Structures are given as C-alpha cells and as structure tokens.
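*Asks:* Take this sequence and fold it.
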Amino acid sequence: MFLLPLLFAALPSAQCSNIDADAVFHDQSPVYCSPLEPMPGDTVSLRLRAAHGDLTSATVRIWDTGLNGGAGGEVLVPMWVEGQVGPGNQFDMWRADIQVGTNHLWYRFRLEDSGCVDYYQITGVLDWATTSIPDFQIHPGFQGPPWARGAVGYQIFPDRFRNGDPSNDPQTGDWEYPSPGQFITGHSNWNATPTGGTDFFGGDLLGVWQGSDYLDWLGVEFIWFNPVFESRSNHRYDAVNYDHIDPALGSDSDFNLLVRGLKRKGIRVILDGVLNHCSSWSEWFDRYEQYPWTGAHENPATSPWGDWFTFLPGFNHISAPENYCSWFAINTLPKLNYSNPLVRDRMVRNPDSVLRGWLQTGISGWRLDAAEDVGPGCSGDDHSVWREMRDYIKQDDPNALLVLEEWSDASAWLYGDQFDGVMNFHGFLFPVQDYCLNRSISTQDFVERFTRGARAYPATANHSSWNQLGNHDLSRALTRANNQAPRLMEATFLQFTLPGTPVVYYGDEIGMVGGSDPDNRRTFDWNISNWNVPLARFTKRLAKLRAEHPALREGSFDPYWVHHAGRVMVFAREHTMETLIAVASSGDNHLDVTIPVGRYFPAGAVLEDLISGDTITVSANRTIDLSGAARLEAHGSRLYRAL
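*Replies:* Here you go, the predicted model:
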C-alpha cells in the first residue's frame, strides 16, 4: 500500500466540464469494493469507473480514525488504471489497494483532469468535498451473517396470522388488562375488526406451521415474529415473563418444534427482543401484587428487583403509584434500568439471559425493539448495552443476525460493534412511500434520497438492513396508496430489486388494507377469493428472482437514467457474475420510451425480461425501444438480463 499525507485543503474548484460526471461510479458492492467485509490485515481493492481517457489522475482520500493518537488523520492513496470495461471498452476502471488494520476508515475519491478537480462521495460527483455529505465507510471486522444479505423476510404478528389450535384461544374475561377490573376480549369471528391491545383472535404457533407451506411457496427465507413471550396484551411488547412462550400461542416445546420444522423448509426465525421495558404486570415489577413475593412496585427498598427500575421522588405504591420511569410515559411499560449490572446479566450477558438463552433454541437472530431508548434510569442511548450484546451473541453464534428498530439515521449503531442492520425507515420505507404510495415526490427526488440512504452505512449494513413497505406500526401499504393496487405493485418491485433485505408485512402481498393501529393488525385472510392474486404471484416471482440472482442480493446500484415527465427510473444492479437492468414506472399512463442501455449491454445484445419472459434486442445506438406492443405500462416494471 502506498500512502501519502494529504497536504492540500479541499477548496472549491471550478466544475470540471470536461469530466463526464455521469460515467463516474463507485459503491460498496463486489465489483467496486472487494472484499465487502474485510478483516484486519486484509487488502481491500477499491475500484472507480470513469469514461475512457477522461481522468488524468484519481486518488482515494481516506480519513483514518487511528492516526494522530486517535484524533484521526488524512491520507492519499493514488489509483491506477486496471483496464478498460464496458461494451466497447468505453470505461477505465481505476483501482487502489488498501491494507486495513483495526481503524475505522472513511473514504472519498479525488478526480483530476488537467488540473481541474472534482470529488466523488456517496451522492456522486461534487465540485468540492464537503462534510455535509457522508463518505463511504470501511470498518474492519464488521461482518454480518452471509445468509442474511439480501434474503427475503416475512413479518408475522402471531395473534393474527392463523389459528391452528382453538383449544388455547383466549376467552373474554380470562384475565385482567390493562388495569384491574378491565378484561381482555376473545373473538370467535376470525374476520372481526380489531379494537386495540386487549382483543385476541387465537393466532398461534401451530397456525404458523399450518401456513408454512404457503410461506415456502412465496419464497420466504426468514420470519420475523412480533413478540412471543408471555404477556397480557395481544402485541406482547409488555412481557410478564421472558422465560416462556405465551400459552395462548403454544408451549416452549411447540416453539422448539416450529423452529426446527421451519429450518427444514429453509426458513429461519428472528425473534423480537423488547429489552427496554416490560409489563407493569410482570413478575419483577408486579404493580398489582399478583405474585407471592415482593415486586419492585410494592416496595422498591426491599424487593430484589427494586433497583431494576427507576422510581421518582415522591413515589408511593398507593398514593403516587405512577411515579416511575416508563416508555413514553405509558405506565403499563416500566423501563428497565441498565445502570444495574443484574439487569444486564439477566437480559444480555448470562448464558441463560433472555437474548442468549433463546438463541440456544435455534433461532437465527434478534430484532431489537426501541433500541435507542435502552439505557440507565430514565434515559436511553446507551450503546454499551448493544456492544455487550454483539460480543456475547456473536460469540455464541457468529451467523446470528442483529437488527435494530430506528426510524431515523442509524449510523451510530452501525459501526460494526453493535448491530448488523436497521429497519430501514429512513433510507427505504419513507422514500418509497413518498414516491410510490402517496406520490408526493419526483423521480429525481426519490433517486437522490434512496441513493444517499443506500450508501450511508457500511457495506454489511447496507445489504442487511430491512426494506419494508409497512409493519405493525404503520397503516397498511395499500391503504397509504389510496387503495391503488398498481402503486403497491410498483413499490413491491422496488422492494425486491433495490439493495437491502425485503421484509413483507403479513398480508401486504395479498392486498390487505387497514388504517392505523389497531386496524393495521387485522387477521390474515385465508379466503383466496379475496386475495389480489396477481400481486401475490408477482411477489412470489420477485422472491424467486432474489434467490436466483446474486446481483439482486448484493449487486451495485447505479440509477443512471430518469424520464422525469413519465416518472420512470432505470437502474443497474451489477455483480461479478451478472448485470441486471431494472425499469420502474411510477407514472399513471402507458409510455412509449427509448431507454439507453449501452453502458452495460452492447448493440445487438438480446435482453430477456425476467418477469414476463419477453425479449428485446439492443439497437445499433445501444438503446431499447419500449413502444407499441412493448410499451411500458403505467406503474409497470421490467428486469432485463443479457441472454
């Protein structure tokens, strides 16, 4: 490796009009960054594509966090032209090799043509470098489970998927919740309308097994279950006991059998870990004194769990019973106190802790709820909890997946020492919602927002984060699309063809509707006559393509062409084994359009649409003509490969 101290300041430069900015490309995919997940001591090859003969020099500018006693410092790595690539050798592939240690690295590219300088950061070519736009990242040792990279997931709200065992169905009046004198409701009608957190429909683990052939048909590779531990609510985000499966779902042995049976079908299980808070009815807190021992709420001074929670000045279990820290001041959700090492032991560190103990059942990882809120006392944002979690979980199972819930930028949790990925609200769900479902942004706005989101994290997180169109906290995707099914199909196409891990919220694939919670948690409709069958088959087809094509699981993302008026986006997914080009329309009208494909496919190449099976030939000017019988449908999509 050849490193030079960076001796120049990044000053604004005149735009290099003779640099073909559109041709310059790099992202963290196997063609351009190899290996994707380097270990300390590995040599990483970084590649940058540019128009042939366009640049006189290219340099990787690195910020190495380990230099200058940990204060960080800049270095330059000169690049060289490795060769020419693309049809007709129209591009130069610039390369630099970097031997990494243990330090975190942030990098951008400095491009020069005859003294004129531009920069390439995660959003593309810029006239000058800026700290307002993040650089690409390398965090040596940050490795996620290979199976999870781009896999197809499916979220199940256990009470609402399928009732396999009516004998364990909760009945009206079976127990009190949320307060003494208030009772839960049991529905005898599977298709009744949900009313809140206290009504039950009887969905259970046996029902999931009975529905597993359908999930296998759909192409599901892992299931994320909303909480399954013993609770008094139907959502179970307020556990009363973390050691056992809720009896309304089945037994512990039922769960073990389900995990093993699903694994034989090639379907893994991810559990929902709620470490921030438990139930006010829990055996530790016991606000209503249901247990024969002294709970924390009854007497914090004498209870063995008294300092597992945080009681505020003036607390009295009779006269001021709600003076304690709870999640969002919801008194049924007392917050656990992670300044207490016993809490950390019980939830994270001990071999039989909640996280490590359930991992022994054969599950493949955890989604961690309200991760930013976990911390000491009433506060949150304690990253040390998650660092300990990663150390212990990866020691037990290096291939376990760890995903956090975070609705905004999750960078602070994704440096390789905590989580593998995030529920990608910020980088995927919100941009796709605004573009496809409610159509509030332009195609260019979507491209810019998604590109920034897709490159904002290290490679492991970019490819392992979850891309959802909806979940239990949002109204149904079809409802947000104003019940326009073509919009949902368009969004589903992007969900399965853009970088990341598509996770389908149960029933979205058959066109279920529903407003905000609890309406978004309706029961799965097993009457196929009510399904949007084309949507279900489309989802299945896309899942199959994901399994067959590595370019969809970890290939590059090059959004190289936009038809602004027609709301059409064209992007390439390039991999060392193949290249695919996706065409996605968000327009309400059919469109005759000519699309350039010459940067990836030569004139005369025959392209097959992997969705329809139709073929088209690249013209002499290296375009494809989508007109006449081949015109692009409103909200239509194509996914081309060369035959």
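
*Asks:* use CA for all of it now, contacts and neighbours both
*Replies:* Noted.

*Asks:* show me what contacts Arg287?
*Replies:* Neighbouring residues of Arg287 by Cα atoms under 8 Å, 6 or more residues apart in numbering: Ser280, Trp281, Gly295, Ala296, His297, Glu298, His317.

*Asks:* what's the most distant pair in the residues you listed?
*Replies:* Within the contacts of Arg287, Trp281 and His317 form the most distant pair, 13.8 Å apart (Cα to Cα).

*Asks:* tell me which of the contacts of Arg287 is nearest to Gly555?
*Replies:* Of all these, Ser280 has the smallest distance to Gly555: 46.7 Å, by Cα to Cα.

*Asks:* Would you mind measuring from the closest one to Asp216?
*Replies:* 38 Å (Cα to Cα, to the nearest Å).

*Asks:* Show me which of these two is the more surrounded one.
*Replies:* Taking neighbours as other Cα atoms under 10 Å, Ser280 and Asp216 compare with Ser280 leading, 25 against 16.

*Asks:* And that one, how close does it get to His26?
*Replies:* 51 Å.

*Asks:* Over to Pro134?
*Replies:* 14 Å.

*Asks:* Please identify which of the two sits among more neighbours.
*Replies:* Neighbours were counted for Pro134 and for His26 using other Cα under 10 Å; His26 has more, 23 against 17.

*Asks:* so the more buried one sits right up against Tyr32, yeah?
*Replies:* Yes. With contacts counted by Cα atoms under 8 Å, His26 reaches Tyr32, the gap being 6.0 Å.

*Asks:* any residues in contact with both of these two?
*Replies:* Shared contacts of His26 and Tyr32 (Cα under 8 Å, 6+ apart): Arg47, Leu48.

*Asks:* which residues does the residue nearest in space to the middle of the chain contact?
*Replies:* Closest residue to the average C-alpha location of the chain: Trp466 at 1.7 Å, with Cα atoms, centre = their mean. Applying Cα under 8 Å, 6+ apart, one finds that Trp466 lies in contact with Gly421, Val422, Met423, Asn424, Gly500, Thr501, Pro502, Val503.

*Asks:* Flag the shaky bits of the stretch 1-150 of the chain, pLDDT-wise.
*Replies:* 1-17 (pLDDT under 70).

*Asks:* any chance you could map the strands in it?
*Replies:* The residue ranges that make up the strands of the stretch 1-150 of the chain, judged by DSSP state E, counting those that start in this stretch, are 4-5, 33-34, 43-51, 57-64, 73-78, 80-85, 91-99, 105-113, 116-121, 124-126, 136-138.

*Asks:* who does the third one touch, helix- and strand-wise?
*Replies:* Going back to what we said before, that points to strand 43-51. strand 33-34, strand 91-99 (3 or more Cα pairs under 8 Å, 6 or more residues apart in numbering; DSSP states H and E).

*Asks:* What ranges does this protein have for its helices?
*Replies:* Counting by DSSP state H, the chain has these helices, from start to end: 205-210, 212-218, 252-264, 341-344, 354-359, 383-396, 430-432, 443-454, 459-464, 477-480, 485-497, 533-548, 550-554.

*Asks:* Residues touching the third one, excluding its own?
*Replies:* Residues outside helix 252-264 that contact it (Cα under 8 Å, 6+ apart): Leu205, Leu206, Trp209, Ser212, His244, Ile245, Arg268, Val269, Thr361, Gly362, Ile363.

*Asks:* Now the residues you listed in JSON lines, please, with extra columns for distance to Trp531.
*Replies:* JSON lines is the format used below for those (distance: Cα to Cα, whole Å):
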{"residue": "Leu205", "distance to Trp531": "23"}
{"residue": "Leu206", "distance to Trp531": "23"}
{"residue": "Trp209", "distance to Trp531": "21"}
{"residue": "Ser212", "distance to Trp531": "18"}
{"residue": "His244", "distance to Trp531": "35"}
{"residue": "Ile245", "distance to Trp531": "31"}
{"residue": "Arg268", "distance to Trp531": "26"}
{"residue": "Val269", "distance to Trp531": "26"}
{"residue": "Thr361", "distance to Trp531": "35"}
{"residue": "Gly362", "distance to Trp531": "33"}
{"residue": "Ile363", "distance to Trp531": "31"}
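
*Asks:* Could you dump those into JSON lines and include pLDDT, distance to Lys544 and neighbour count?
*Replies:* Listed next are the contacts of helix 252-264 as JSON lines, based on pLDDT from 0 to 100; distance: Cα to Cα, whole Å; neighbours: other Cα atoms under 10 Å:
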{"residue": "Leu205", "pLDDT": "98", "distance to Lys544": "26", "neighbour count": "27"}
{"residue": "Leu206", "pLDDT": "98", "distance to Lys544": "26", "neighbour count": "19"}
{"residue": "Trp209", "pLDDT": "98", "distance to Lys544": "21", "neighbour count": "18"}
{"residue": "Ser212", "pLDDT": "98", "distance to Lys544": "17", "neighbour count": "18"}
{"residue": "His244", "pLDDT": "98", "distance to Lys544": "35", "neighbour count": "18"}
{"residue": "Ile245", "pLDDT": "98", "distance to Lys544": "33", "neighbour count": "20"}
{"residue": "Arg268", "pLDDT": "98", "distance to Lys544": "17", "neighbour count": "23"}
{"residue": "Val269", "pLDDT": "98", "distance to Lys544": "19", "neighbour count": "22"}
{"residue": "Thr361", "pLDDT": "98", "distance to Lys544": "28", "neighbour count": "15"}
{"residue": "Gly362", "pLDDT": "98", "distance to Lys544": "25", "neighbour count": "16"}
{"residue": "Ile363", "pLDDT": "98", "distance to Lys544": "23", "neighbour count": "18"}
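
*Asks:* farthest-separated two in those?
*Replies:* Ser212 and His244 (22.6 Å).

*Asks:* Distance of Val75 relative to Asn68?
*Replies:* 12 Å.

*Asks:* So which of those two has more stuff around it?
*Replies:* The residue with more neighbours, out of Val75 and Asn68, is Val75; 19 against 10, by other Cα under 10 Å.

*Asks:* so that one sits right up against Arg61, yeah?
*Replies:* Yes. Applying Cα under 8 Å, one finds Val75 in contact with Arg61, separated by 6.0 Å.

*Asks:* Spatially nearest residue to Pro334, not counting backbone neighbours?
*Replies:* Ser326 (4.1 Å; Cα to Cα, 6 or more residues apart in numbering).

*Asks:* where does the chain have low pLDDT?
*Replies:* 1-17.

*Asks:* Go again with 90.
*Replies:* In the predicted model of the chain, residues 1-18, 69-71, 114-116, 126-132, 454 satisfy pLDDT under 90.

*Asks:* hang on, isn't Gly416 packed against Gln143?
*Replies:* Yes. The pair Gly416 / Gln143 is scored as a contact, 7.4 Å apart, by Cα under 8 Å.

*Asks:* neighbour-wise, which of those two wins?
*Replies:* The neighbour comparison of Gly416 against Gln143 (other Cα under 10 Å) goes to Gly416, with 22 against 19.

*Asks:* give the contact list for the more buried one.
*Replies:* Gly416 neighbours (Cα under 8 Å, 6+ apart): His139, Gly141, Phe142, Gln143.

*Asks:* what about the third one, neighbour count?
*Replies:* If you count neighbours by other Cα under 10 Å, Phe142 ends up with 22.

*Asks:* Against Val403, how distant is the nearest residue to it once chain neighbours are set aside?
*Replies:* Closest residue to Phe142 apart from its sequence neighbours, by Cα to Cα, 6+ apart: Gly416 at 4.4 Å. To Val403, Gly416 is 12 Å away according to Cα to Cα.

*Asks:* Tell me which stretches of the stretch 501-643 of the chain form strands.
*Replies:* Under DSSP E, counting those that start in this stretch, the stretch 501-643 of the chain gives strands at 501-505, 558-563, 568-574, 579-585, 593-596, 606-609, 615-617, 623-626, 637-642.

*Asks:* Which one of these lies nearest to Trp407?
*Replies:* So among the strands of the stretch 501-643 of the chain, strand 501-505 is nearest, using Cα to Cα, at 15.8 Å.
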